[in-house]
Structures are given as structure tokens and as C-alpha cells.
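Participant: only geometry, no sequence info:
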């Protein structure tokens, strides 16, 4: 059996942000992601493919065995009938529309989805849920602001029993149902979307993960691709992708 093909969503990167570029390239843009995503997929036995926004989402999904929704800017709050707050980041409405299309097509085709940070929020909003637009700092702790290395597991999450997430994390969850994760998000799920079950919480009550009750969709607020080594959640993605492999 061939290694499963895992599509990874991308963000727009302005060429001017790369440093000094030839004058003719100024104003151009790239589609890309942090290398950590691709390395995590490869390390777990998959073949990572970065998805350009120039393709039709449904056509793309027909070629994939699994989908990884990566992090990035905030989902446009108008998508869930709210006005932006002062702490909102930039919004990319074209990315929102494209990724909503990918989610719909992936669920219809039955391929697994692993959604990370922004990706978790995309899944939730695509299923009719809402978001907390900005998490306040509580007792000196912020879910977003940290000077620690990206692999540092900054806080614990309680993981629901009898969940895909619990199975996926394996030995990373202790006998009390606790796992340690990093944290780089200023937003979180408020009301879960249709068919989504809350399966992890931070000590302050912030929703840290949801999963589908009907489909192979697992969405987390932390960044497992940044954890040292290959996080077991990527083994889950590759295993599920092999089970439904088109080959």
C-alpha cells in the first residue's frame, strides 16, 4: 500500500515579508505553511502536499487520502454573525471560503480531517458553531503570548474518555485523562457546531478540542506539529487515511 497523500492548507505570504527581494517581485505572494506540518506528516508515514487556493476544493479532495487544516489568521467573525473585536487579527475571506469548501468535500468523501488551531475554528464555524474572539489573560496566564520554545508543553488538558482524541493520543494521556500541550491561540470555540462533541478542556475551562460524532474529524486548539518528535495525533491521521486509501 502506498503512503497516504495528506493535503495541507496554506496561507498567503507576501514576498515583501521575506526580506530584500528584486523590485519586480515586490507585491507578489506565496502560499505556504510552517515546515513543522509537513515534517510531522512525513514522520508519521504520510506524503504531505501543500494545497494552493487556485484549485477546486472538490477536485482536490478526490486526490487526497486525508486533510490537515493548518493554523493562521482569525476566521472572519461575520461568518458566525459577530462583529470583529479590537484584538482581531487580519481576516482572509477567500481562505475561509476555500477551506469551508474543503471541509464539506472531505466529509462527503469520507476522508479524515485533522484540524489544528485556526483549522479547529474553521471546522466549528463550518458546522454552524461560534467562537470566543479573544481569550483574556487569567491569573497571569495567556493562551497566546509566550516567549517559550514552540515545543514547550505549557498547560494540561483534560481529555474525554471514550473519544477518538483519547485513542489518538495514546500514552500521551495519563491515567487521570490528562495530557500536556503547547498553546498559541487567542481564540477558542464558544458554541460547538452541529455534530461536534467537546473532548478536551484547559484548566480554565477553555475548549481545547472537538471531534465529530459521525465522521473522522478531529480538531485541536494546540499545535501538535510543534511538539518534539512525531506527535501520536499524526499517527492517527495517517492510520485513518490508510484505512480509506483510494489505492
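Facilitator: Noted; the coordinates are in hand. The model shown is predicted, which means the values in this text are computed figures rather than measured ones.

Participant: where does pLDDT dip in the protein?
Facilitator: For the chain, the stretches flagged by pLDDT under 70 are 139, 244-247.

Participant: quick one: contacts for the most centrally placed residue in it?
Facilitator: Against the mean C-alpha coordinate of the chain, by CA atoms, centre = their mean, the closest residue is residue 116 at 1.6 Å. By CB atoms under 8 Å, 6 or more residues apart in numbering, the contact list for residue 116 reads 37, 68-71, 219-220, 222-225. Just so you know, the C-beta spots here come from the backbone N, C-alpha and C atoms, and that holds for glycine as well.

Participant: mind doing that once more with 6 Å?
Facilitator: Residue 116 makes contact with residue 71 under the criterion CB atoms under 6 Å, 6 or more residues apart in numbering.

Participant: next: residue 28.
Facilitator: Residue 28 neighbours (CB under 6 Å, 6+ apart): residue 15.

Participant: ok, it to residue 84 distance?
Facilitator: According to CB to CB, to the nearest Å, residue 28 and residue 84 sit 28 Å apart.

Participant: related to what we said a few turns ago, now do the phi/psi pair for the residue nearest to the centre of the chain.
Facilitator: phi -120, psi 130 (degrees, to the nearest 10).

Participant: next, count neighbours for residue 2.
Facilitator: Counted with other CB atoms under 10 Å, residues neighbouring residue 2 total 10.

Participant: tell me which element it is part of?
Facilitator: According to DSSP states H and E, residue 2 maps onto no helix or strand at all.

Participant: quickly note the distance from it to residue 105.
Facilitator: Taken as CB to CB, the span from residue 2 to residue 105 is 21 Å.

Participant: can you list the buried residues in the longest helix that the chain contains?
Facilitator: Counting residues, the longest helix found in the chain (DSSP state H) is helix 93-109. Buried residues in helix 93-109, defined by neighbour count with 16 or more other CB atoms under 10 Å: 95-96, 98-103, 105-107.

Participant: which of these sits closest to residue 233?
Facilitator: Of all those, residue 233 sits closest to residue 106, with 17.0 Å by CB to CB.

Participant: which non-adjacent residue is nearest that closest one?
Facilitator: Spatial nearest neighbour of residue 106, excluding adjacent residues (CB to CB, 6 or more residues apart in numbering): residue 67 at 4.6 Å.

Participant: which stretches of this structure form helices?
Facilitator: Using DSSP H, helices in the chain cover 35-43, 57-61, 93-109, 118-126, 164-169, 232-243.

Participant: which of those is buried the deepest?
Facilitator: Of all these, helix 118-126 has the most neighbours on average by mean count of other CB atoms under 10 Å, namely a mean of 26.

Participant: for it, which outside residues touch it?
Facilitator: 69-72, 75, 79-80, 99-100, 103, 115, 131, 189, 193, 219-221.

Participant: next one: stretch 72-79
Facilitator: Applying CB under 6 Å, 6+ apart, the set of residues contacting stretch 72-79 from outside is 11, 84, 88-93, 96, 118, 121-122, 125.

Participant: so how far is that stretch off the chain centroid?
Facilitator: Remark: stretch 72-79 is offset 14 Å from the chain centroid, using CA atoms, centre = their mean, to the nearest Å.

Participant: and the end-to-end length of it?
Facilitator: Using CA to CA, to the nearest Å, the end-to-end distance of stretch 72-79 comes to 16 Å.

Participant: and if you look at stretch 18-35?
Facilitator: Using CA to CA, the end-to-end distance of stretch 18-35 comes to 15 Å.

Participant: and it, how far out from the chain middle?
Facilitator: 24 Å.

Participant: repeat for stretch 103-115
Facilitator: Centre-to-centre, stretch 103-115 and its host chain are 13 Å apart (CA atoms, centre = their mean).

Participant: show residues contacting it.
Facilitator: For stretch 103-115, contacts defined as CB under 6 Å, 6+ apart pick out 57-58, 61, 64, 66-69, 123, 126, 215-219, 237, 240-241, 244.
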